[in-house]
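Q: My questions concern the predicted model and sequence given below.
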Amino acid sequence: MKALILNGSRKGDSALDAASDALFHMLKGAGYEVDALLLRDLMIAPCDGCFDCWTKTPGVCSTDDEGRIVPMKMMQSDLMIYLTPITFGGFSSELKKGLDRITGTLLPFLTNVNDEIHHPLRYEKYPKILGIGILPQPDEEAERIFATLVNRNALNIHDKGHSTVVYRRDSPEKVAEKIKALLAEAGAAK
Amino acid sequence: MSSPKKALLLVGSPRGRNSSSEALGGYLLDRLKERGMEIEKVYIHPSMLTEKDQAEMLQAIDRSDLLVLASPLYVDSLPAPVIAALETIAEHRRTKMRKEQKLVAITNSGFPEAYQMDTALAICRKFASETKIGWAGGLAIGGGEPLHGKPLADAGWMARNPRKALDIAAAALAEDKPVPKEAVDIAAKPLIPQWMYVFVANRGFKSQAKKYGAQDKLYDRPYQA
């Protein structure tokens, strides 16, 4: 079993370190082989909206840079975990630059999935999507947007997403407790 | 007599001048100009590439009273450079600039259902609230791909709903009022019936792949574990 952590922390921000450590150890303890990408350190160009990954080089982004690592590692994983500061309810730009490059993991066509139009799946199996967001303090609106966004990302692969939010003031024990509950909810705990 | 209000269009598509974001935002900008506002336009993607361009974008923002963010939907949210721009603007307003401004957001996507853009618009609204910019409302245009980035005024019958919605929005915004619900509802109306949209889109993808000689590779699984 493989887990991929997509770390979207911004330069100079260590607030995610406690969650990152807890997550890493918990996944290891549950028997996962863990791979973590610190996205801000990767040379990932923004998606240029060309759709080449659908119609010219199907499944592969035509921009040959480290952005290709994200869909490749995603498709080799059983769990894909977003670890991100919550910015305006959504993901940080660092996480998003990686996620914008996974479009080719789906087929270009449109199809009806549970009464909503989505892209059909390119692969038979996709990782479960989990989101861990961090906020300075509780923020009901931001937390609602974050949970919805993680779930909508999972809907793209015709699945249900799971997410949790940790606060900067949370003790390491509290952070570990929230992550443990998240993994249990997703059926990924030991 | 007070000086005219200024509107700034922030184009959030990497396709820039050939994008539906430009077509939609540009149409609104022209209507605001007709109503006496001064207008300006900035392309976010190139503006985020260097510090100098970023500084120029921030100066253009500082000059404006109304910010119009026109952006495509990327993976249920805004494209990464647009989020990076919002992060930069938030930091700028926190430390240097607290001018009274308003934000209106226009999103477009290839999915026919406008509500698939609710999360992206919620992020825009949250950005406005956190940066103390007034929220003037959001418009979502679904199934926008057939517009092909053509200027709305030249896009004929296909663009009738976005044009009407943006006309109504411009009338309100020029008077410093939020986008009326009527405009939101009209913008959300499908341009063509859903079954027809899906049929045309799927045929379009196949013919595009054929043009590239990739029709036999459309279902490839390059990263199969």
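A: The structure has been received and is ready for your questions.
Q: just the helices in chain A please.
A: A:17-29, A:52-55, A:69-75, A:93-99, A:140-156, A:172-185 (DSSP state H).
Q: Out of the ones you listed, the one nearest residue A:9 is which?
A: Of all these, helix A:93-99 sits nearest to residue A:9, with 6.8 Å by Cβ to Cβ. In this view, the C-beta of every residue, glycine as well, is placed from N, C-alpha and C.
Q: Now do the closest one: which elements does it pack against?
A: Helices and strands touching helix A:93-99, as assessed by 3 or more Cβ pairs under 8 Å, 6 or more residues apart in numbering or on different chains; DSSP states H and E, comprise strand A:2-7, strand A:79-85, helix B:80-95.
Q: hang on, isn't residue A:129 packed against residue A:77?
A: No. Residue A:129 is beyond contact range of residue A:77, at 10.2 Å (criterion: Cβ atoms under 8 Å).
Q: of the two, who's got more company?
A: residue A:129 (25 against 22; other Cβ atoms under 10 Å in any protein chain shown).
Q: got a list of what the more buried one touches?
A: A:80, A:82, A:150, A:153-154, A:157, A:159, A:161-162 (Cβ atoms under 8 Å, 6 or more residues apart in numbering or on different chains).
Q: Export the residues you listed as a markdown table, with columns for distance to residue B:159.
A: Converted to a markdown table, the contacts of residue A:129 look like this (distance: Cβ to Cβ, whole Å):
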| residue | distance to residue B:159 |
| --- | --- |
| A:80 | 38 |
| A:82 | 36 |
| A:150 | 34 |
| A:153 | 30 |
| A:154 | 33 |
| A:157 | 32 |
| A:159 | 35 |
| A:161 | 34 |
| A:162 | 40 |
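Q: Go back to these and keep what's next to chain B.
A: residue A:153 (Cβ under 8 Å from any Cβ of the partner chain).
Q: deepest of the helices and strands packed on helix A:93-99, which one?
A: strand A:79-85 (a mean of 25; mean count of other Cβ atoms under 10 Å in any protein chain shown).
Q: Domain map for chain B?
A: Following automatic domain parsing, one finds the domains of chain B at B:6-192, B:193-225.
Q: so which of those is the most packed in?
A: Taking mean count of other Cβ under 10 Å, domain B:6-192 is the most buried of the domains of chain B, at a mean of 20.
Q: what's the spacing between residue A:75 and residue A:2?
A: 10 Å (Cβ to Cβ, to the nearest Å).
Q: mind showing which ranges of the chain have poor pLDDT?
A: Just so you know, I chose chain A. Low-confidence segments of chain A (pLDDT under 70): none present.
Q: should've been chain B
A: B:1-2, B:97, B:145-146.
Q: can you tell me how far residue A:95 sits from residue A:85?
A: Taken as Cβ to Cβ, the span from residue A:95 to residue A:85 is 9 Å.
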